[in-house]
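Colleague: Sequence and computational prediction follow.
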Number of protein chains: 2
Amino acid sequence: MTRTTPAAPRAYRRLSVPERRAQLLDAALSLFAHRAPEDVSLDDVAEAAGVSRPLVYRYFPGGKQQLYEAALRSAADELAVCFAEPQTGPLTLRLARALERYLAFVDQHDTGFSALLHGGSVVETSRTTAIVDGIRRRAAEQILVHLAVPAPGPRLRMMVRTWITAVEAASLIWLDEGKQPDVAELRDWLLDQFVALLTATAATDPQTAAVARAALALEAPDGPVGVLARRVIPVVSEAAHLL
Amino acid sequence: MTRTTPAAPRAYRRLSVPERRAQLLDAALSLFAHRAPEDVSLDDVAEAAGVSRPLVYRYFPGGKQQLYEAALRSAADELAVCFAEPQTGPLTLRLARALERYLAFVDQHDTGFSALLHGGSVVETSRTTAIVDGIRRRAAEQILVHLAVPAPGPRLRMMVRTWITAVEAASLIWLDEGKQPDVAELRDWLLDQFVALLTATAATDPQTAAVARAALALEAPDGPVGVLARRVIPVVSEAAHLL
């Protein structure tokens, strides 16, 4: 190779080490987003990044497994940003915005998201499981921040974690069903579920009841809780014999 | 070995092939129930069943992986029976009985249940994932039978599947937290969640609304829905500004 050889080999040198790493990771992430991990090869990553396979190995000596875990960590950081939301205004509007960003992420990483959460994948290890659990934990912590409870008790924590699993499960079903219903409808339904779970848990847990009361006080009549309440009344009003 | 040699070697012959298989499976199942799969060896299974390691291999040439999958299939069949329930009486009482059996199963298979569902286990494959998905599907079908809908629409199906995931998630959290709260409290809370989800979904899905109305009509004032309704009213009555 002479100094006058243009293009490819010299292009390798244009990026700094962190830049090259980021570029390979980006290429990997977009491949893992839309294909099952078993359908992504190191050659695919090299091709997508416009580099050679040995170069990919130089940055990721652990090969596909290492690339997958690095891509997953980067996706986890992206997801953590989804949940960040200013602590002002009605709770349901904050949750609606967080859900919107989460569902956009699910939409953009459809195949990879399904493969990751359906389990049994070749690249699944205790490390990938720990990363996914970390995402769930961060989401739960964020929600508890919005519930403004300094020391959330076991029932409230269980309720939040259960809802997060429900969101995840509903997202997977949504992907399985060809992204039906539309994303705004799914978001509203998940929000209704949150309100329903909070209310049902408030029935037996005093701390949750206090949170629910405080949250309800901030809701507007034309907000999600007002709409839900007016729609639920005709259904439950037939159950007057229970009161 | 002479014909007069007593005990061990001859004991092998006393059981028929299906009996021996069942005995090995039972031994494996009780080991896998209380230990992570990586902490169970074929020697442990042989010892628990009082047989030699080669005999275990004769019945399960695929070794631990095959034993694990067979044990999982047998646990899946046991779980399917949990959900079977006559279609009479209030819906919440039928669900309460099914939940009670399910939670007893979780209690009895604690470590194995956690290991299986936390993912990333060495014995996890697309086959084990398929078995677990099969359990969820059977549970969902059973619940839809009790909702008495001949052709359940996507929203109702999504609601049922979401609740099943919530039950699973809550069971895992319950195990993580040293089986707190007590099992009856957990069962009642999961039941309240079902009622809450059904009601919230009824708000936007006409088919679910019809199911909810029919179910509410069968509930008794001192049943789970009556108790929940009377407890929820004081919390939501402060939200009159939303109506």
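Modeller: Right, received. Where do you want to start?
Colleague: these two touch, right, A:Phe105 and A:Val81?
Modeller: No: A:Phe105 lies out of contact with A:Val81 (C-beta atoms under 8 Å); the separation is 9.5 Å. All C-beta spots, glycine's among them, are computed from the backbone N, C-alpha and C.
Colleague: And the residue nearest to A:Glu85 when sequence neighbours are not counted, how far from A:Leu228?
Modeller: Excluding the flanking residues, the one nearest A:Glu85 by C-beta to C-beta, 6 or more residues apart in numbering or on different chains is A:Arg94, at 4.7 Å. A:Arg94 sits at a distance of 16 Å from A:Leu228 (criterion: C-beta to C-beta, to the nearest Å).
Colleague: Comparing the two, which shows the higher neighbour count?
Modeller: A:Leu228 (23 against 19; other C-beta atoms under 10 Å in any protein chain shown).
Colleague: where's the more buried one, which helix or strand?
Modeller: Using DSSP states H and E, A:Leu228 sits within helix A:224-236.
Colleague: Near the closest residue to A:Phe83 other than its chain neighbours, how many other residues are there?
Modeller: Nearest residue to A:Phe83, sequence neighbours excluded (C-beta to C-beta, 6+ apart): A:Gln142, at 4.0 Å. For A:Gln142, the neighbour count with other C-beta under 10 Å is 19.
Colleague: show me the contacts for A:Gln142.
Modeller: A:Gln142 makes contact with A:83-85, A:98, according to C-beta atoms under 8 Å, 6 or more residues apart in numbering or on different chains.
Colleague: pLDDT wise, what is the residue nearest to A:Glu85 at?
Modeller: For A:Arg94, the pLDDT comes out at 96.
Colleague: Give the full set of residues in contact with it.
Modeller: By C-beta under 8 Å, 6+ apart, the residues touching A:Arg94 are A:85-88, A:146.
Colleague: Kindly recompute the last result at 10 Å.
Modeller: A:83, A:85-88, A:142-143, A:146, A:218 (C-beta atoms under 10 Å, 6 or more residues apart in numbering or on different chains).
Colleague: Inside helices: which ones of those?
Modeller: A:83, A:142-143, A:146, A:218 (DSSP state H).
Colleague: These, buried ones only, as a ChimeraX selection?
Modeller: In ChimeraX syntax, the buried subset of these is picked out as below (16 or more other C-beta atoms under 10 Å in any protein chain shown):
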select /A:83,142,143,146
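Colleague: Turn the ones in helices among the contacts of A:Arg94 into a markdown table, columns for distance to A:Leu190 and pLDDT.
Modeller: As requested, the ones in helices among the contacts of A:Arg94 are exported to a markdown table (distance: C-beta to C-beta, whole Å; pLDDT from 0 to 100):
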| residue | distance to A:Leu190 | pLDDT |
| --- | --- | --- |
| A:Phe83 | 14 | 85 |
| A:Gln142 | 15 | 93 |
| A:Ile143 | 12 | 95 |
| A:His146 | 15 | 95 |
| A:Leu218 | 19 | 93 |
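Colleague: ok, so of the ones in helices among the contacts of A:Arg94, who is nearest chain B?
Modeller: A:Leu218 (10.3 Å; C-beta to the nearest C-beta).
Colleague: can you tell me how far the closest one sits from A:Leu144?
Modeller: 17 Å.
Colleague: Then A:Thr128?
Modeller: Where A:Leu144 is concerned, A:Thr128 sits at a distance of 25 Å (C-beta to C-beta).
Colleague: Could you pull out the helices in chain A for me?
Modeller: Ranges of helices in chain A, per DSSP H, are A:8-14, A:17-34, A:42-49, A:53-59, A:63-83, A:91-108, A:110-118, A:126-147, A:154-176, A:183-202, A:206-218, A:224-236.
Colleague: about what we covered before: now tabulate the contacts of A:Arg94 in CSV and tack on distance to B:Glu19.
Modeller: Shown next, in CSV, are the contacts of A:Arg94 (distance: C-beta to C-beta, whole Å):
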residue, distance to B:Glu19
A:Phe83, 55
A:Glu85, 61
A:Pro86, 66
A:Gln87, 64
A:Thr88, 68
A:Gln142, 55
A:Ile143, 53
A:His146, 58
A:Leu218, 65
